[in-house]
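S.K.: everything below, folded, please.
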Amino acid sequence: MAQITKTNADAAIVEVWRRVALKALFEDMVVRNRVLNVTENISQMGDVVHIKVNPTPSVVDITPTTGAIEFEAVTISNADITINKWKGVAHDVVDIADIQSDIDLVENFSQAFMPALGNQIEADLLANYSSATTNTAIGDSAAGDAFGDNIILDAILVLDNLKIPTKDRSFIVNPASIGQLRKDRKFTDANVLGIPKAVQTTGFQTDVYGNPVYVTTNVATHAGSGSTAVRAGLYLHKDGLAVGIQKNIKMEKFARTQFSTPFAASVLYGTGVVRNNHNQVLYLKNKLV
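M.R.: Down below sits the predicted model:
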């Protein structure tokens, strides 16, 4: 009589691991939903994801007597995201307790491994601030500025003057910045702000002048260290940055060579700038002031 062995079922088991791992990876990511997400069927290091960027059209005069119009030569450009990051997390579990099923392992390790990888992806994504050089950075590059009206209103004005759509703009700041904001009652009193009681987007903190503010410890360090560090926050439109993450994230159990069970998770991804002028860098203090 034919039997279905563990070997026969391996393919199905791997798919279960991947579904759970993918959900856990994205679950706690703050910035992913605020930038272009070009997750594709990435297969190897060096893959390039092309993002088409339409040009901004120019308005020209029409000759009243003839109706003649000059046709503009336009070219669709590409912003390329190279898949150049391969990161992993690995543990080797010693057999000090009976592990009854793979399902328990999937739940346990996806909870620990995937958020760690998600944090790394977001840290690499936000490190692209150093390539967002079209707009002059706002704030003191050596000491940083407190996150308040002087930073917020200047940043909004930059993108407004560039006629960048107000929809899908966000502030991405470090925890100290949100603490600075909370010291000003006009940004925290619900009766002033009209803050909704239920907010659905992960990581949402508050709203300033119609712009959502998200806080994450993954904001890049521009200079210094510790509480004296200057953090590179961003005020950006969704088209400013992009991240490409492979869909078939791997969560694997390796061969046993001793009384322990080795596990690892890995992911291929890449990040980059898409529309440079859609990013406004903010040099922020890393402590309450």
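S.K.: now do the contacts for the closest residue to residue 168 other than its chain neighbours.
M.R.: Leaving aside its sequence neighbours, residue 168 sits nearest to residue 238 (Cβ to Cβ, 6 or more residues apart in numbering; 3.9 Å). C-beta coordinates here come from the backbone N, C-alpha and C atoms, glycine included. Neighbour list for residue 238: 34-36, 168-170, 278 [criterion: Cβ atoms under 8 Å, 6 or more residues apart in numbering].
S.K.: of all these, which comes closest to residue 111?
M.R.: The shortest gap between residue 111 and any of these belongs to residue 34, at 23.8 Å (Cβ to Cβ).
S.K.: grab the nearest non-local neighbour of the closest one.
M.R.: residue 170 (4.6 Å).
S.K.: what's the helix or strand for that neighbour?
M.R.: strand 169-173 (DSSP states H and E).
S.K.: partners of that strand, with directions?
M.R.: Here strand 169-173 is paired, per DSSP bridges, with strand 211-215 (parallel), strand 230-237 (antiparallel).
S.K.: mind putting the ones you listed into TSV with distance to residue 120 and mean pLDDT?
M.R.: As requested, those are exported to TSV (distance: least, Cβ to Cβ, whole Å; pLDDT from 0 to 100):
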stretch	distance to residue 120	mean pLDDT
strand 211-215	18	92
strand 230-237	17	97
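S.K.: looking at those, which is nearest to residue 112?
M.R.: strand 211-215 (22.6 Å).
S.K.: buried set for the closest one?
M.R.: 211-215 (16 or more other Cβ atoms under 10 Å).
S.K.: between the residues you listed, which sits nearest residue 125?
M.R.: residue 214 (12.5 Å).
S.K.: look up how far residue 134 lies from that closest one.
M.R.: In this view, residue 214 and residue 134 are 22 Å apart by Cβ to Cβ, to the nearest Å.
S.K.: equivalent analysis for residue 263, please.
M.R.: On the measure of Cβ to Cβ, residue 263 and residue 134 end up 44 Å apart.
S.K.: so these two - more neighbours on which side?
M.R.: Applying other Cβ atoms under 10 Å to residue 263 and residue 134 shows that residue 263 carries more neighbours, namely 19 against 13.
S.K.: helix, strand, or coil at that one?
M.R.: Secondary structure state of residue 263, per DSSP: H, G, I helix; E, B strand; the rest coil, is strand.
S.K.: who's in contact with it?
M.R.: Per Cβ under 8 Å, 6+ apart, neighbours of residue 263: 90-93, 105, 109, 113, 251-254.
S.K.: who does it form a beta bridge with?
M.R.: Bridge pairing for residue 263 - DSSP bridges - gives residue 91, residue 253.
S.K.: equivalent analysis for the one 10 residues further on, please.
M.R.: Using DSSP bridges, the bridge partners assigned to residue 273 are residue 241.
S.K.: doesn't residue 281 make contact with it?
M.R.: No - in this structure residue 273 lies outside contact range of residue 281 using Cβ atoms under 8 Å: 11.4 Å.
S.K.: can you put the strands paired with strand 169-173 in JSON lines and add distance to residue 117?
M.R.: JSON lines is the format used below for the strands paired with strand 169-173 (distance: least, Cβ to Cβ, whole Å):
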{"stretch": "strand 211-215", "distance to residue 117": "19"}
{"stretch": "strand 230-237", "distance to residue 117": "22"}
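S.K.: which stretches in the stretch 1-150 of the chain count as helices?
M.R.: Chain-ordered helices for the stretch 1-150 of the chain, with DSSP state H, counting those that start in this stretch as the definition, fall at 6-27, 102-126, 149-161.
S.K.: where does pLDDT dip in the stretch 151-289 of the chain?
M.R.: For the stretch 151-289 of the chain, the stretches flagged by pLDDT under 70 are 187-205.
S.K.: sorry, back to before: pick out the shakiest of the helices of the stretch 1-150 of the chain, pLDDT-wise.
M.R.: Lowest mean pLDDT within the helices of the stretch 1-150 of the chain: helix 6-27, at a mean of 62.
S.K.: common neighbours of residue 273 and residue 281, please.
M.R.: residue 132.
S.K.: spit out the contact partners of the nearest residue to residue 143 once chain neighbours are set aside.
M.R.: Distance criterion Cβ to Cβ, 6+ apart; nearest residue to residue 143, sequence neighbours excluded, is residue 230 at 6.7 Å. Contacts for residue 230 (Cβ under 8 Å, 6+ apart) come out as 139-144, 221-224, 283-286.
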